[in-house]
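Chemist: Okay, predicted coordinates and the sequence, questions at the end:
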Amino acid sequence: MAELTYEAANMVEQDLGAVTYPLPEGIVVDRDVRVRMRDGVHLEATIYRPIAEGRYPVVMCVTAYGKDFGPADYSTLPKIKAAGMAVGTMHICEATTWEGPDPGFWVPNGYVVMVADPRGYYGSEGEPGVYSEEDAHDYAELIEWAGVQPWSNGSVGLHGVSYLACNQWMVASKTRPSHLKAIVPWEGASDFLRDVIEPGGVPETRFLGGYYAGSLARGAGMGIAETGPSMMDHAARHPFELENIDVPALICASWSDHGLHTRGSIEGFMRIASEQKWLYTHGGNKWEVYYSPEAVEWQKSFFDHFLKGEDNGFQDRPRVRLEVRATKERVEVRSETAWPLESTRFTPIYLDPARKALVASMPGQTGSVAYDSEAKQSIEFDLAFDRRTEVTGPMVLKLWVCAKDTDDLDLFAAVRKFDRHGQEVFFCGKDGFRSGVVALGWLRASRRHLDPLRSRPWRPFQSLERTEKLRPGEVVPVELEILPSSTLFEPGETLRLAISGRDIVEFSRFGHDDSVNQGQHEILTGPHHPSHLLVPFV
């Protein structure tokens, strides 16, 4: 195992937003380039290329946020800050599109950057969609067009965060463009139903409504606020077939984005068919890290190898860049060869209500604990460490539960860290500030049915294809997927499991307000109901 080193890069408490510099000299900018699609519709793109004649690899993104909107035009930034969220600090050129590659960096390093508006957004013709089949084929045609231009060497790589990462999964899984040579999906959901819309079968009620009415509506027209959910329905009901992806991939996943991109990024790394794939993990702010020197070095080395053909040793890098959090500011970084880690010991730690503890041996006596599912109330179980312990990977919370007063129940779980003085240790949260916990999980009991082919002992995979109501008072076993994370515990520190009937950690832009909960929930423990947390000890 590689030696652990401490690093604090990208983990500072600041929120400067975009710190910009002018687009460097020596760059030709071709604006509003019209590219004809198979049905006669024209999409528009802006192309940044070296002034020196030659053939260069192409770094491409397709964005619904406006291909020509640089940092000065980012409508998203004030909305994010107004919602109480942090952006971090992004050092980028003034022409960088939101969540996309910085042409001020890539072009001087021997690349063409192509940024396109999708069908129906801004300057592109046609009717807008959201991750539709039509969008996938449009993206493929843009790739093939770029691959044969006089300034192109025929190799195209895709790049971008969030929306710009999700549509990489889309095009790479649904089409096979001959000029697509590599992808960099930097934090992107790959299964909208399980990652975003209904994590654990519990409907997310805040994020998407604001997203359709805000970020997407600006480019596609206000009608997207009403039609967005139906546009997303196809993608939600037909997840990307990740196993179809066989191009080299550099994938980023963060521990701070549970309920949006973490799950889909990890699933992407595990399931794509690419023999050449790397996973870059971190616990910071998605935008700040994306443009950070270390991350950009990974991105450039990856593209230099797969788009330029440089023998720079990237192919020999270990497959996983693992960031283990001690606190928000203090992390340890090392290399690993696989995910989950080969050294992982998935260990059941049992719930003991009598001691309010997580214990190594199953309690010999039957027990139970109840709570008011409609109150802001949690039941908690502690695991104190007497030695330095790393917890890295997904967790599973298996419970035997009943709803005493109704036929369904929503469960919310959080894993937290406390220091030796009993003070909670916070990490970077979904809002970008020091508000995050170790890991989160959700489950609606009526949606508990698992897909036996996709499920693993360490990762339950809900089918979400049927609803199985409970009888009031009926005890049923359920498995909550606790999303992947990586955290270090020192002697005297504590892992605390919290279970509730509502969001344990709340953010203004994210939440689950459409609850089925009524009255009391009961969790049973002991020999006949061995409720436990499956913990990935390393």
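Modeler: Noted; the coordinates are in hand.

Chemist: Centroid-nearest residue for this protein?
Modeler: Centre of the chain computed as the mean C-alpha position; nearest residue by C-alpha atoms, centre = their mean is residue 261, 1.6 Å away.

Chemist: quick one: low-confidence parts of the protein?
Modeler: Applying pLDDT under 70 to the chain flags the ranges 1-14, 75-77, 79-80, 83, 222-223, 225-228.

Chemist: Quick one: end-to-end length of stretch 86-100, please.
Modeler: 18 Å (C-alpha to C-alpha, to the nearest Å).

Chemist: quick revisit: next one: the closest residue to the residue nearest to the centre of the chain other than its chain neighbours from residue 527, what distance?
Modeler: Among residues not flanking residue 261 along the chain, residue 187 sits closest, at 4.3 Å (C-beta to C-beta, 6 or more residues apart in numbering). Where you see a C-beta, it was placed from the backbone N, CA and C, and this is true even at glycine. From residue 187 across to residue 527, the span is 43 Å (C-beta to C-beta, to the nearest Å).

Chemist: So for the two, which sits in the more crowded spot?
Modeler: residue 187 (28 against 10; other C-beta atoms under 10 Å).

Chemist: Next up, the contacts around the more buried one.
Modeler: 161, 162, 165, 252, 253, 254, 257, 261, 262, 265, 286, 290 (C-beta atoms under 8 Å, 6 or more residues apart in numbering).

Chemist: For the residues you listed, work out which two are farthest apart.
Modeler: Spanning the widest gap among the contacts of residue 187 are 262 and 290, at 14.8 Å by C-beta to C-beta.

Chemist: Can you pick out the residue with more neighbours from these two?
Modeler: More neighbours surround residue 290 than the other of residue 262 and residue 290, with 30 against 24 (other C-beta under 10 Å).

Chemist: Show me what the helix or strand harbouring residue 411 is packed against.
Modeler: According to DSSP states H and E, residue 411 maps onto strand 410-418. On a contact count with 3 or more C-beta pairs under 8 Å, 6 or more residues apart in numbering; DSSP states H and E, strand 410-418 meets strand 389-403, strand 424-425, strand 439-444, strand 476-489, strand 494-500.

Chemist: Please compute how far that strand lies from its chain's middle.
Modeler: Put simply, strand 410-418 sits 19 Å off its chain's centre (C-alpha atoms, centre = their mean, to the nearest Å).

Chemist: Quick one: work out the angle between it and strand 389-403.
Modeler: If you take axes from the mean of the first three to the mean of the last three C-alpha atoms, to 10 degrees, strand 410-418 sits at 150 degrees to strand 389-403.

Chemist: so what strands line up beside strand 410-418?
Modeler: The strands beside strand 410-418 in its sheet (DSSP bridges) come out as strand 424-425 (antiparallel), strand 439-444 (antiparallel), strand 494-500 (antiparallel).

Chemist: Partner strands of the following helix or strand past the first one and their direction?
Modeler: Spelled out, it's strand 424-425. Counting by DSSP H and E, the next helix or strand C-terminal to strand 424-425 is strand 427-428. If you go by DSSP bridges, strand 427-428 pairs up with strand 434-436 (antiparallel).

Chemist: List of residues touching stretch 281-296?
Modeler: Stretch 281-296 is contacted from outside by 9-11, 86-92, 99, 102, 105, 161-162, 186-187, 252-257, 261, 280, 320-323, 325, 328, 331, 427-428, 432, 486, using C-beta under 8 Å, 6+ apart.

Chemist: residues of that stretch that come out buried?
Modeler: Buried residues in stretch 281-296, counted by 16 or more other C-beta atoms under 10 Å: 281-292, 295-296.
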